[in-house]
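Asker: need a structure here:
(chains A, B and C)
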Amino acid sequence: MPEGHTIHRLAQDIGERFGGWPVRTSSPQGRFTESAARLDGRPLVETDAHGKHLFLGFAGPASAGDLDWVHIHLGLYGTLRFGTGRPPAPTGQIRLRMVGGADPDQPPAHHADLRGPTRCEVLTDKEKAGVGDRLGPDPLRADADPDRAWSRISRSRVSVAALLLDQKVVAGVGNVYRAEVLFRHGIDPYRPGRELTRREWEEVWADLCALMRQGVRDNRIDTVRPEHTPEAMSRAPRVDDHGGEVYVYRRARQPCHVCGAEVRTADLAARNLFWCPDCQRR
DNA sequence: GCGGAATGTAGAT
DNA sequence: TCTACCTTCCGCT
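Answerer: Predicted coordinates:
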């Protein structure tokens, strides 16, 4: 599930469900027990997301103004799932369970279970800022400065495909958005960053902002333009666990929706790269 | 029911 | 470059 849009959507959803009320926190799995005990019963007052990093801000015990931030990274297969009403008996490996979202005198309105994250820890304000400092601009954040990414890209001999996945260059882009945005702009994934024009980068950045915002809204990744939708082209819709309509991601050896050429795949830095050799020649 | 792959990253080698 | 992390879902038997 998790590219940047998933994390930003989770920040919103957690804020809506739990924000402002005391939250009961526990770690049925046992790997977050002490921290969960320390946060238990404190109000969740803020949520934040930067790239694929999720932050849940709990009011400090002394109301001194500093927050304790639960820093979560889902990694490849972590999940955070919501339920309503009284939570069921825990099953499997729940790293963090949150129960709350209502007046403490009322039965709990919501619960959420975090499973399989690559990271779940408590950070100070300063430590949280440190995580952000190590990340590139995030197309989903208002404070993002695409020039910071451009200054790295425009000086780099590394391929644009590798640069887009480097979270120090751009934060929040994952394997799906990488493949799709390069397709949408006709860019050869192996082109070195420094051979990109500033204009091309500006167009890619603007597109990432629009695509990822749509991803947050719909909670899935759709990247095909209106003229290439299944309805517009009278083709079968894509069926898999991601749900969204895409041009090349995981479509190896299938015909390109635009030109009919076979979509190609290759290994690039331990990730699967997908592209259309005919459409992506720039 | 089982094997494999996956939208990711850290840490060892 | 490789392995661990250890969930979910798909396809195959």
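
Asker: hmm, stretch A:169-187 in reach of DNA strand B?
Answerer: Yes: counting by Cβ under 7 Å from any atom of the strand, DNA strand B has neighbours in stretch A:169-187: A:174, A:175, A:176. Placement of C-beta: from N, CA and C, glycine included.

Asker: which ones are touching the closest residue to DNA strand B within the stretch 101-250 of chain A?
Answerer: The stretch 101-250 of chain A approaches DNA strand B most closely through residue A:174 (2.1 Å), counting by Cβ to the nearest atom of the strand. Shown in contact with residue A:174 (Cβ atoms under 8 Å, 6 or more residues apart in numbering): A:2, A:3, A:4, A:52, A:165.

Asker: What pLDDT does the model give the last one?
Answerer: Residue A:165 carries a pLDDT value of 97.

Asker: that older thread, could you list which of the residues of stretch A:169-187 next to DNA strand B belong to helices?
Answerer: A:175, A:176 (DSSP state H).

Asker: Report the contact partners of residue A:109.
Answerer: So residue A:109 contacts A:17, A:84, A:85, A:100, A:101, A:102 (Cβ under 8 Å, 6+ apart).

Asker: confidence score at the closest residue to residue A:78 other than its chain neighbours?
Answerer: Excluding the flanking residues, the one nearest residue A:78 by Cβ to Cβ, 6 or more residues apart in numbering is residue A:117, at 3.9 Å. At residue A:117, the model reports a pLDDT of 96.

Asker: same question, residue A:244
Answerer: 89.

Asker: That one: neighbour count?
Answerer: Here the count is done by other Cβ atoms under 10 Å, and residue A:244 has 18 residues near it.

Asker: what does the one 5 residues further on give?
Answerer: Burial of residue A:249 is recorded as 26 neighbouring residues (other Cβ under 10 Å).

Asker: so the nearest residue to residue A:21 once chain neighbours are set aside bridges to which residues?
Answerer: Of all residues beyond its chain neighbours, the one nearest residue A:21 is residue A:100 (5.1 Å), with distances taken as Cβ to Cβ, 6+ apart. With DSSP bridges as the criterion, residue A:100 is bridged to residue A:23, residue A:110.

Asker: wait, residue A:100 sits on residue A:110?
Answerer: Yes: contact criterion Cβ atoms under 8 Å: residue A:100 and residue A:110 qualify, at 6.6 Å.

Asker: So stretch A:166-186, near DNA strand C or not?
Answerer: No: using Cβ under 7 Å from any atom of the strand, stretch A:166-186 stays clear of DNA strand C, coming no nearer than 12.2 Å.

Asker: Can you dump the C-alpha atoms of that stretch in CSV for me?
Answerer: Taking Å, rounded to 0.1, in the frame of the first residue of the first chain, the C-alpha atoms of stretch A:166-186 are listed here in CSV:
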residue,chain,number,x,y,z
ASP,A,166,15.9,8.3,-3.5
GLN,A,167,14.0,9.8,-0.5
LYS,A,168,16.8,12.4,0.1
VAL,A,169,16.0,13.8,-3.4
VAL,A,170,12.2,13.6,-3.4
ALA,A,171,10.2,12.3,-0.5
GLY,A,172,7.1,10.1,-0.9
VAL,A,173,7.5,8.9,-4.5
GLY,A,174,7.5,5.0,-4.6
ASN,A,175,7.8,2.5,-7.3
VAL,A,176,4.4,3.1,-8.8
TYR,A,177,4.5,6.9,-9.1
ARG,A,178,8.1,6.6,-10.3
ALA,A,179,7.2,4.4,-13.3
GLU,A,180,4.0,6.2,-14.1
VAL,A,181,5.3,9.8,-14.0
LEU,A,182,8.2,8.9,-16.2
PHE,A,183,5.8,7.3,-18.7
ARG,A,184,3.5,10.3,-18.6
HIS,A,185,6.4,12.6,-19.6
GLY,A,186,7.9,10.2,-22.2
